[in-house]
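Novice: Predicted model and sequence follow; I will ask about them next.
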Number of protein chains: 2
Amino acid sequence: MGSRILSARHRAKIMGAEEAASLINHGDTIGMSGFTGSGYPKAVPSALAARIRTKHARGEDFRINVWTGASTGPELNGALAQANAIGFRLPYQSDPDCRKAINTGMVQYLDLHLGNVAAMARAGCLGKLDWAIIEVVKVLQDGRLVPSTSVGNNQLWLDLAQRVILEVNSWHPEALEGLHDIPTYSDNISCVPPIPISRPGHRIGSPYLTCPAEKIAAVVITNTPDRNTPFSKPDKTSQSIAAHIIDFLQHEIHNGRLPAHLLPLQTGVGNIANAVMAGFADAGFERLSAYTEVIQDSMLELILCGIIRQASATAFSLSPDMAGNMPVIARKIRGSVVLRPQDISNHPEVIRRLRCIAINAMIEADIYGNVNSTCVMGSYMQNGIGGSADFARNASLSFFVSPSTINNGTISCIVPMTPHVDHSDHDVQIIVTEQGIADLRGLAPVQRARRIITACAHPDYRPALHDYLERALRYSYGKHIPQLLDEALMWHRRWMTTGTMMPT
Amino acid sequence: MGSRILSARHRAKIMGAEEAASLINHGDTIGMSGFTGSGYPKAVPSALAARIRTKHARGEDFRINVWTGASTGPELNGALAQANAIGFRLPYQSDPDCRKAINTGMVQYLDLHLGNVAAMARAGCLGKLDWAIIEVVKVLQDGRLVPSTSVGNNQLWLDLAQRVILEVNSWHPEALEGLHDIPTYSDNISCVPPIPISRPGHRIGSPYLTCPAEKIAAVVITNTPDRNTPFSKPDKTSQSIAAHIIDFLQHEIHNGRLPAHLLPLQTGVGNIANAVMAGFADAGFERLSAYTEVIQDSMLELILCGIIRQASATAFSLSPDMAGNMPVIARKIRGSVVLRPQDISNHPEVIRRLRCIAINAMIEADIYGNVNSTCVMGSYMQNGIGGSADFARNASLSFFVSPSTINNGTISCIVPMTPHVDHSDHDVQIIVTEQGIADLRGLAPVQRARRIITACAHPDYRPALHDYLERALRYSYGKHIPQLLDEALMWHRRWMTTGTMMPT
């Protein structure tokens, strides 16, 4: 392990995870590394969860507030949620136990645009940060830190926290060194310069995280894999969605509205996004680029085979096989991949300048094009908004994708009104289901409704949606966005009471 | 008039408004100048409306599609809407006749983020533009054009239109020359540079609009005032809202979270915004700046007395008295005011870099902080989203303001659920009514609800809102954003059927 901690000051702080966890007090706020299942601390959060269980068993109060980059892994979010250890959580999660705690009201959850966290935290409006717990690959002799498989908010937490615990994880290959790009934050608010990124591959900082040695309270050594979960093989629905998007892009190229090598791609996290990227491989595209949040398996394959020439992200999110190959892969992708802080990967300034093509999953859309990305039935938090809005509003072309129905057809993903809106009709350009694609750009609300119902809704639900629209056109208070307020949310209400959205 | 049209090629195209209007055909799409009541063409749209009335009287079909900067004046939007001449309208309007036509379904209206219009139009996704009708102050010898009291999308329409009609309005003082800043648009999408604005006053282009002389089909001479309407004297509600905002800002300065000269201010259009600006004059602020859409009377007063040192906007929106004084004022404000295209005044890149303070009006907010800015009862279009979202998401500090009730207390502006969402809970920081101010930053949904109800709702409606929240906490499907879907929209339904939102 000596070769991973080259600084004597840091070596002097080496201790076990339990000892490090014992430094943390009830009520502390902790900024942790981690974005998707990558680069989160594995040992101290678990040790802390065990410690809190013991405290609770003795009847003592002990809860902490947890800030991260995005979702993390079971050793962090899962373990702490199971221990009922989290009072407040931001800005994103996708853990089953944490989700349950949020939706029973045990955890207060602040769901934020991932690109906005840094500005809000630095402005002081999220409160003070007691601790940063950050996973790194290596500590250099001068104390600079080699980040691991995600950057997220790591430098932000290191800057803002009173004290810092490092986890040095030798499971990650040292070959990751040099892949990251961490700009220096300027405190001068009277003259902030532009962010000088004009291509996805542009580097504007250093490959290392920095932290004053005197802040570091503990260094914990680990050798533990990331939460790398296999992607499911693209199913027929995902393949249809991918095919609709690729057809559309080829049509745009054919009509001179997109260059042959497209524009920098962003895709959300998950199986559909992975399937879409896999579709690009077969479609004959070349010289592509990506300016995105997360690099998943199929995007990494496009990078390795040279179809994607430059890719910028804030994290990897890989299958165990792909992650296990990282010692070899990291060397191959040097020069074509950059991992950045999430306030840069998701920055409106850069996304707009690069004119990205954004592809994000949704829970549901309504017939007017409002999109719900977060709250099932309007009240039950699924994961969070993530970076979808950072990209959807600022990209030059933006897709929201979903199967047309889920739950064996009992839930239609096209509804009269979404009971929660994350992306308003002003921000939604193109909706895609396995049924088809609705290009809403340039359309007024009633025109949008007809197109969404016809192109995207499942045939079983189309008659009821048309019926709603036609009656709303007749009886609505205003006819701009025709609505029947006593019916608009009844599809969701019906599902909760009868188990299907289908009108009888 | 000779002194206003110095180019012989342009003088050769001088004709009457009726003759110019006769060039336009059924089905044409026309990009017109104009932002708020400023700088819109006055003669040709009225003549066109008269022509279309005649056609309609003869049983002929004649409708046009109208694109503008934002709202305009009665000679344009009003006259054309009264003549039932508009088929499709974007991106904003506030005219009573046009509003009526939209809400009876006669006009298809596309309500867009004002900062996004240029990108969408240039990408070709709004369709092709047949005509630009642009008001200017003067035509120089080489054909460059001195813009009038708004810039809006003028250069965009001149670039995209097949043919152009100019209105040269000698009502505007020639002293406006030099106030504007029009950058050149680059077609090179593979390497777009940053927008080099790092202070509100930075100039990055030329003071003139440009248009190839061969595109110009007609030049029409006018001498007609802008639609300048007097502001109502700030009432008690507006003054209370202004006082809450100013108290809050002073508190932030006191706590070191804002500099004494604040950050560049943006305020929406209307009487409340005007009252807030008037409040700044009395509060002892100095060395302020503004990066905003519109300069109204009270902001112009702050500029004239030196409290605001630099102001950037895309239009003036003044009272008749103030506008009448423009020949003198234009000279005084040279060097401190810049009028820019609306894609620059409302650009996320610049707004975020300058860390603006945004103050925008709303129709209503729900208890979780979702804001409806556009659709009364979810279906009836009031005006449009305007630039509120461009600023609200990207500003470093953002306020949404409204009286706590309207319509003699029958409508509460704090409701269980808004039936239309323009700004999702992710985008709303601070809500202000005359009752008080709710700083929502850093709060999870249920915490937000308690704060909004207590601080902002009218006391008459507080018990019913608390009651909804408590029952939703008990019975909601998920407890993250507790909702009762069969009740959530019933406040609006009740108002429509009984004339009051108040539960019995």
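Specialist: Perfect, thanks for sending it. Residues are numbered from 1 along each chain as shown, chains lettered A, B, ... in the order given.
Novice: Check which residues of the lowest-mean-pLDDT helix or strand in chain A are buried.
Specialist: Within chain A, no helix or strand scores below helix A:271-282, which has a mean of 84 by mean pLDDT, DSSP states H and E. Buried residues in helix A:271-282, counted by 16 or more other CB atoms under 10 Å in any protein chain shown: A:Asn271, A:Ile272, A:Ala273, A:Asn274, A:Ala275, A:Val276, A:Met277, A:Ala278, A:Gly279, A:Phe280. C-beta: built from backbone N, CA, C; applies to glycine.
Novice: which residues of the stretch 101-250 of chain A fall in strands?
Specialist: A:108-109, A:131-139, A:145-147, A:163-169, A:216-222 (DSSP state E, counting those that start in this stretch).
Novice: Make JSON lines from those strands and add distance to chain B and mean pLDDT to it.
Specialist: Output for the strands of the stretch 101-250 of chain A, formatted as JSON lines (distance: least, CB to the nearest CB, whole Å; pLDDT from 0 to 100):
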{"stretch": "strand A:108-109", "distance to chain B": "4", "mean pLDDT": "98"}
{"stretch": "strand A:131-139", "distance to chain B": "18", "mean pLDDT": "98"}
{"stretch": "strand A:145-147", "distance to chain B": "25", "mean pLDDT": "98"}
{"stretch": "strand A:163-169", "distance to chain B": "21", "mean pLDDT": "98"}
{"stretch": "strand A:216-222", "distance to chain B": "25", "mean pLDDT": "98"}
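Novice: Pick the most buried one from the ones you listed.
Specialist: Mean neighbour count (mean count of other CB atoms under 10 Å in any protein chain shown) peaks for strand A:131-139 among the strands of the stretch 101-250 of chain A, with a mean of 27.
Novice: Specify the angle between that one and strand A:163-169 in degrees.
Specialist: Computed by axes from the mean of the first three to the mean of the last three CA atoms, to 10 degrees, the angle separating strand A:131-139 from strand A:163-169 equals 40 degrees.
Novice: quick check: angle from strand A:131-139 to strand A:216-222?
Specialist: Interaxial angle, strand A:131-139 versus strand A:216-222 (the same axes, to 10 degrees): 60 degrees.
Novice: what packs against strand A:131-139?
Specialist: Under the contact criterion of 3 or more CB pairs under 8 Å, 6 or more residues apart in numbering or on different chains; DSSP states H and E, strand A:131-139 touches strand A:29-32, strand A:145-147, helix A:154-160, strand A:163-169.
Novice: Let me see the residues that make contact with the shortest one.
Specialist: Spelled out, it's strand A:145-147. Counting by CB atoms under 8 Å, 6 or more residues apart in numbering or on different chains, strand A:145-147 makes contact with A:39, A:134, A:136-140, A:154, A:166, A:174, A:176-177, A:180, A:182, A:207-211, A:339, all of which sit outside it.
Novice: ok, of those residues, which come out buried?
Specialist: A:39, A:134, A:136-139, A:154, A:166, A:176-177, A:180, A:182, A:207-209, A:211, A:339.
Novice: contacting residues around A:Tyr380?
Specialist: Applying CB under 8 Å, 6+ apart, one finds that A:Tyr380 lies in contact with A:Asn103, B:Tyr477, B:Gly478, B:His480.
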